[in-house]
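**Q** Need the 3D shape of this:
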Amino acid sequence: MSWFRAIATLAIVAAMAAIGAPFQLLAGAVDDRRGSHWAVRLPLLWHRVASRLIRLTVEMRGAPAPTRPLLYVCNHVSWLDIIALGKALPACFVAKREVASWPFFGWLAKLQRTLFVERRRHATVAHRDHMQRRLEAGEQLILFAEGTSGDGLRVLPFKSAFFAVAERRIGGRPLTVQPLTIAYTRVHGLPITRAEMPLLAWYGNMQLAPHLWAMLTGPPVTAEIRLHAPVTLDRFGSRKALARHCEAAIARGLSDALAGRPARPRSGLDLDPASAAGVGEAAAQPVGADP
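**A** Okay, the predicted model is just below:
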């Protein structure tokens, strides 16, 4: 009766969104006036409930950088990334502008205060300014630096234009950039195979509705998030060099996660010793097991 469970899951998720929308809109208004963090915290709860409904387990290795402002840079595999990362991190997403027009999902993205950007080069300055304002307001952002989703087995070249915001001083401080790998590692508790990856990865010309239905009627899935050493552009001198560093770190993390290798020791933190205290690799731990 997997189809019955899938229909019930869709109905519950839609109901949660409808019920939670007024509270999220109110939280956003309060944020603007009083600096409340409810507009970020409420989506955390929503994603944790949604992940349980779709049987998505999220394990995290490492810890977020303690410094602010903070920009996470991540690979992109599937629409599932939003639920996995949204469950684990109190952050807002940077997404391509087309997402805003998607039925239902675009509405959810707007509720979560997603920052929509164009992938055209001439829009770089405007995107940089929008991201800077959000970071200066104390928000954490998650950037999918490939500009599109991939097959889950490799990392596509990063677009250095997305790193333009790292060239700015924000609040008088360099922007901390933390590379982050997301990998889908197990299906029904067993290591994922190449043949199974298209069930999770959503890329190319795949249609959303059939992919969503296959996921909802399929087996439980485990995603792994690996947080790598945080850095700043000051260490590299240019956004292109920073983009290459992040791409390499994330690609290594993806390869290690899919092979079941432990996380590599973090090194070369570009942070003050006091700020970096307590930041290190940790054993994989489930995120938000129960909301």
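
**Q** Quick one: name whatever helix or strand follows the longest strand along the chain.
**A** The residue-count maximum for a strand in the chain (DSSP state E) belongs to strand 176-187. In the C-terminal direction, the helix or strand that comes right after strand 176-187 (DSSP states H and E) is strand 190-191.

**Q** Check which strands are paired with that following strand and give the direction for each one.
**A** Applying DSSP bridges to the sheet, strand 190-191 is found paired with strand 176-187 (antiparallel).

**Q** in the partner strand, what counts as buried?
**A** 176, 177, 178, 179, 180, 181, 182, 183, 184, 185, 186, 187 (16 or more other CB atoms under 10 Å). For every residue, glycine as well, the C-beta is placed using N, CA and C.

**Q** got the contact list for the fourth one?
**A** In this case it means residue 179. Counting by CB atoms under 8 Å, 6 or more residues apart in numbering, residue 179 makes contact with 72, 73, 74, 227, 228, 229, 231, 245, 246, 249, 250, 253.

**Q** got these as TSV, with secondary structure and distance to residue 145 columns?
**A** Listed next are these as TSV, based on DSSP: H, G, I helix; E, B strand; the rest coil; distance: CB to CB, whole Å:
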residue	secondary structure	distance to residue 145
72	strand	10
73	strand	5
74	strand	7
227	strand	15
228	coil	13
229	coil	16
231	strand	14
245	helix	11
246	helix	7
249	helix	11
250	helix	8
253	helix	14
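
**Q** Nearest to residue 53 among those?
**A** Ranked by distance to residue 53 (CB to CB), those are led by residue 74 at 23.2 Å.

**Q** Now the host helix or strand of residue 49 - C-alpha only, PDB.
**A** Assigned by DSSP H and E, residue 49 belongs to helix 38-53. Written as PDB, here are the backbone C-alpha positions of helix 38-53 (Å, rounded to 0.1, in the frame of the first residue of the first chain):
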ATOM      1  CA  TRP A  38      11.300  32.500  14.400                       C
ATOM      2  CA  ALA A  39      11.200  33.000  10.600                       C
ATOM      3  CA  VAL A  40      14.200  30.700  10.400                       C
ATOM      4  CA  ARG A  41      13.300  28.400  13.300                       C
ATOM      5  CA  LEU A  42       9.800  27.500  12.100                       C
ATOM      6  CA  PRO A  43      11.100  26.000   8.800                       C
ATOM      7  CA  LEU A  44      13.500  23.800  10.800                       C
ATOM      8  CA  LEU A  45      10.500  22.300  12.500                       C
ATOM      9  CA  TRP A  46       8.500  21.900   9.300                       C
ATOM     10  CA  HIS A  47      11.500  20.100   7.500                       C
ATOM     11  CA  ARG A  48      12.000  17.800  10.500                       C
ATOM     12  CA  VAL A  49       8.400  16.700  10.400                       C
ATOM     13  CA  ALA A  50       8.500  16.400   6.600                       C
ATOM     14  CA  SER A  51      11.600  14.300   6.700                       C
ATOM     15  CA  ARG A  52      10.000  11.800   9.000                       C
ATOM     16  CA  LEU A  53       6.900  11.600   6.800                       C
END
